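S.K.: show me how the following folds:
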Amino acid sequence: MSETRWTPISGAVLPRYAGVPSFMRLPQIAPDDPRADEVEIGLIGMPWDGATSNRPGARHGPRGLRDASTMIREMNRATGQVPFSAARCADMGDVAMSPVNQDEALSAAEATIAAMLSRQIRPVMVGGDHLCTLTVLRALRRARGAAFGLILLDSHTDLYPPYFGGKTLTHGNPFRQAIEEGCIDPHRTFMAGMRGTAYNTSDFDYGRDKGVHILPIETCMARGWSSVMEEARAVVGSDPVYVSFDIDFVDPAYAPGTGTPEVGGPTSFEALQCVRALRGLDIIGSDLVEVSPPFDPSGTTSWLGASILFELICAMQS
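M.R.: I've put the predicted structure just below:
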């Protein structure tokens, strides 16, 4: 067996438009590959949007992000980090999620994350709609045996109950469900960027009743993102935390390729700064969700999403 090359293939060796795309041109290693024992951070695609309530398309997110991420280079100029030299990272493929059966899709995703965790691989999940995140939170809760903190950068709380009075979950429910199942500690849960019209205040009411720290966009803009992220760090403290980034956190002027865009959000630069502010936390996993390439033929949203993924990998390292 040839030695695994853990650093991305340089564009000076193979043009970035050539070859089979992987996340950031990293080696492709399946969770059941013997080499997976060497992986420290694994990017895993969840090409599924079966819980989308209005505009589907995020199922194409992982493929679009792989292609866009071939433009990522090795060094983070802002932080000086060279993340792929500091940790062994790999593209661990896509979960085979049923497009017609939600229970089967979520079970397959949770099993894949559980397999990664059994090998001590920290997951970076690439969605897919936001319900995909619940599978990661469930697997982490089972593996760790205790709830953990959460930082959510999003334009929605995703704390609503299931729609139409039923029990079927949607991308508007993952964090409410995660609280109910004891996956995340609501008192160590921080959400920022919430905005847009609403059906009612039930999501905010539920979250605040449980102890969730929620900062709507008006507060964020008035205080500034540096102050917001300082509060995020204070809320989650030094204990384990999961980071979830919904691309609709960013203003649609910069990221139009998403299913539920909300105007009046941060710029792409501010979004990068928010993720960089997480460095040094005990991040046990992260995700980037809701990129929907069909809504942005220019590819701008996918490129921003790939850049956010790179920053998340950097933030997960000291």
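S.K.: going forward, measure contacts and count neighbours with C-alpha atoms only.
M.R.: Noted.
S.K.: which strand in the chain runs the most residues?
M.R.: The single longest strand within the chain, with elements called by DSSP state E, is strand 184-194.
S.K.: for the helix or strand that that one is followed by, which positions count as buried?
M.R.: Note on strand 184-194: by DSSP states H and E, the next helix or strand toward the C-terminus is helix 202-210. Burial within helix 202-210, assessed by neighbour count using 16 or more other Cα atoms under 10 Å, is assigned to 203, 204, 207.
S.K.: what do you get for stretch 218-237?
M.R.: For stretch 218-237, the neighbour count (16+ other Cα under 10 Å) marks 220, 221, 225, 228, 229, 232, 233, 235, 236 as buried.
S.K.: picking up where we left off before, what mean pLDDT does the longest strand of the chain have?
M.R.: Here strand 184-194 scores 98 as its mean pLDDT.
S.K.: and which of the buried residues of helix 202-210 is nearest to residue 49?
M.R.: Comparing these against residue 49 with Cα to Cα places residue 203 closest, at 21.6 Å.
S.K.: show me which pair in the buried residues of stretch 218-237 is furthest apart.
M.R.: Largest separation among those by Cα to Cα: 221 and 236, giving 21.2 Å.
S.K.: who's in contact with the residue nearest the centre of the chain?
M.R.: By Cα atoms, centre = their mean, the chain has its centre lying nearest to residue 287, at 1.6 Å. Shown in contact with residue 287 (Cα atoms under 8 Å, 6 or more residues apart in numbering): 124, 125, 126, 127, 133, 243, 244, 245, 309.
S.K.: any chance of JSON lines for those residues, columns neighbour count?
M.R.: Below are the contacts of residue 287 laid out as JSON lines (neighbours: other Cα atoms under 10 Å):
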{"residue": "124", "neighbour count": "27"}
{"residue": "125", "neighbour count": "25"}
{"residue": "126", "neighbour count": "31"}
{"residue": "127", "neighbour count": "30"}
{"residue": "133", "neighbour count": "28"}
{"residue": "243", "neighbour count": "23"}
{"residue": "244", "neighbour count": "22"}
{"residue": "245", "neighbour count": "26"}
{"residue": "309", "neighbour count": "27"}
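S.K.: quick check: the two most widely separated of the residues you listed?
M.R.: 133 and 309 (14.9 Å).
S.K.: could you measure the residue lying closest to residue 38 once chain neighbours are set aside against residue 7, distance?
M.R.: In this structure, residue 38 finds its nearest non-sequential neighbour in residue 88, 7.1 Å apart by Cα to Cα, 6 or more residues apart in numbering. Separation of residue 88 from residue 7 (Cα to Cα, to the nearest Å): 8 Å.
S.K.: got the contact list for residue 41?
M.R.: Residue 41 is in contact with 87, 88, 89, 90, 121, 122, 123, 124, 313, counting by Cα under 8 Å, 6+ apart.
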